[in-house]
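Q: Sequence isn't available, so here's the structure alone:
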């Protein structure tokens, strides 16, 4: 019988870090009770923290073990209730490898394995700080023909066999981002907006006496200096987002093997995700408003997995930034069912943008009225909300389009939150399709069409609104005949 293996002792620190991330609020509670040094609340919170951040992670590490056999991965876990996970290689959706910089000298990494039945918040198997040979062995067995585990020798090793030391599969295509494209990707990311909100949130934490004094001093300064201060905050947020993006996508690489894609990236943490081509639900090519002006695009894939939850929109980025004119020629070696050139999507284009503009304005009408009524001096904010909503509605109308490219490939384009997205969906990956037309829309000969595909453990609804009814009906009939 094979002896189960524990993860490396450094895995204990991984469990502690996970507990810190999940229960950080206990530190806030302890600090709030610091002045009651003799109170039962303080000592109770301190005891709870020791248990949550030290004892419990240690018990989890001690009770977790794993075995890698030629036909499955077996994971034993649980403190009070023992769990035994048996994961056949044929059921694996994605294998994710995370290697923090402090694990590299020891040739260790974290391995996360997901199947189609994984829980929303966690993969089936999470092996913190295991030798890099473990994931290599798993990849080898995934590509190899099933081997019956009838002898002890067939189930004893979790280290890569000698005959598997070569590459499991030959790479058919390879891409590595260059410094210029990485800088473009960082500079055109809209992630700086959350960074800006964080800076504004930190401003609220500054003592009022200090901020009031700062405002009094600033009131005597020139308007240009005040505007310069605001621009400085925006620039700081932009730089923070820029360097954050650079560290996440440092040395980004994409590799195509006969039956899967492998994407790797990261400076401080090298994150490698392997996704079978057969499990790709759709390809999304997207452009935010900045990248539209610069004629750049980002390519992602929707997979039935949470492995890409740290990526943009929780979808696996397979091409961070690429010029419009080369996107299809570059991507077809990796995903061969994509079109060779940019297709004509005018069949499902919105004939009149007014309906989407109207809906967007109605969406912000109530907040705008409330602001103008209760705070008349802030009426300009109401006007600004209405203008932005109208422009977003126009943007959505101009970017809604689609077409049936082949008998088994559908292309849909949408425009949401100043981002244009083109989805390429294979027919066999469509979960459902909905055709909708209200009694008021019959006069205008328009309809709504919604295509549902799987996205992680949830549904991705791709909705085209106010498109010509004949084109929408033709596409719906095509789906019914295929189903």
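A: Structure's in. What do you need? Source: prediction; values computed, not measured. Numbering: from 1, shown residues only.
Q: Now for this protein, the helix or strand with the poorest mean pLDDT.
A: In the chain, no helix or strand scores lower on mean pLDDT, DSSP states H and E than helix 208-218, which sits at a mean of 54.
Q: Quick one: mean pLDDT for whichever helix or strand comes after that helix?
A: For helix 208-218, the following helix or strand on the C-terminal side (DSSP states H and E) is helix 223-248. For helix 223-248, the mean per-residue pLDDT is 78.
Q: which element follows helix 223-248 toward the C-terminus?
A: Assigned by DSSP H and E, the successor of helix 223-248 is strand 253-257.
Q: next one: that next one to chain centre, how far?
A: Centroid displacement of strand 253-257 relative to its chain, using Cα atoms, centre = their mean, to the nearest Å, is 19 Å.
Q: Now it: average pLDDT?
A: 92.
Q: Check which helices and strands it sits against.
A: strand 173-176, strand 260-265 (3 or more Cβ pairs under 8 Å, 6 or more residues apart in numbering; DSSP states H and E). Every C-beta, even on glycine, is put in place using the N, C-alpha and C of the backbone.
Q: so which of those is the most packed in?
A: strand 260-265 (a mean of 21; mean count of other Cβ atoms under 10 Å).
Q: Just want the angle from that strand to strand 253-257.
A: Computed with axes from the mean of the first three to the mean of the last three Cα atoms, to 10 degrees, the direction of strand 260-265 lies at 170 degrees from that of strand 253-257.
Q: ok, residues contacting the helix or strand following strand 260-265?
A: Past strand 260-265, further along toward the C-terminus, the next helix or strand under DSSP H and E is strand 269-276. By Cβ atoms under 8 Å, 6 or more residues apart in numbering, the list of residues contacting strand 269-276 from outside reads 93-101, 104, 109, 139, 259-265, 301, 303, 305, 307-308, 310, 316.
Q: Kindly recompute the last result at 6 Å.
A: If you take Cβ atoms under 6 Å, 6 or more residues apart in numbering as the criterion, strand 269-276 is touched by 94-100, 259-265, 303, 307.
Q: what's the answer for stretch 414-432, then?
A: Residues beyond stretch 414-432 that count as contacts (Cβ under 6 Å, 6+ apart) turn out to be 281-289, 338, 395-396, 399, 408-413, 451-454, 462, 482.
Q: Just the buried residues of these.
A: 281-288, 338, 395-396, 399, 409-413, 451-454, 462 (16 or more other Cβ atoms under 10 Å).
Q: on that earlier part again, and the furthest pair within the contacts of strand 269-276?
A: 100 and 259 (29.0 Å; Cβ to Cβ).
Q: Neighbour count for these two, which is higher?
A: Taking neighbours as other Cβ atoms under 10 Å, residue 100 and residue 259 compare with residue 100 leading, 19 against 11.
Q: which ones among the contacts of stretch 414-432 are found in strands?
A: Here DSSP state E is the test, and the contacts of stretch 414-432 give 281-288, 409-413, 451-454, 462 as lying in strands.
Q: now do the same end-to-end measure for stretch 70-83.
A: With Cα to Cα, to the nearest Å as the measure, the ends of stretch 70-83 fall 21 Å from one another.
Q: Ignore what I typed, I meant stretch 448-464.
A: By Cα to Cα, the extent of stretch 448-464 from end to end equals 6 Å.
Q: Just the buried positions in that stretch, please.
A: 448, 449, 451, 452, 453, 454, 455, 456, 460, 462, 464.
Q: tell me the two of those residues that are most distant?
A: 448 and 456 (24.3 Å).
Q: How far does stretch 76-95 stretch from one end to the other?
A: 18 Å.
Q: And it, what's buried?
A: Within stretch 76-95, the residues that count as buried by 16+ other Cβ under 10 Å are 77, 87, 89, 92, 93, 94, 95.
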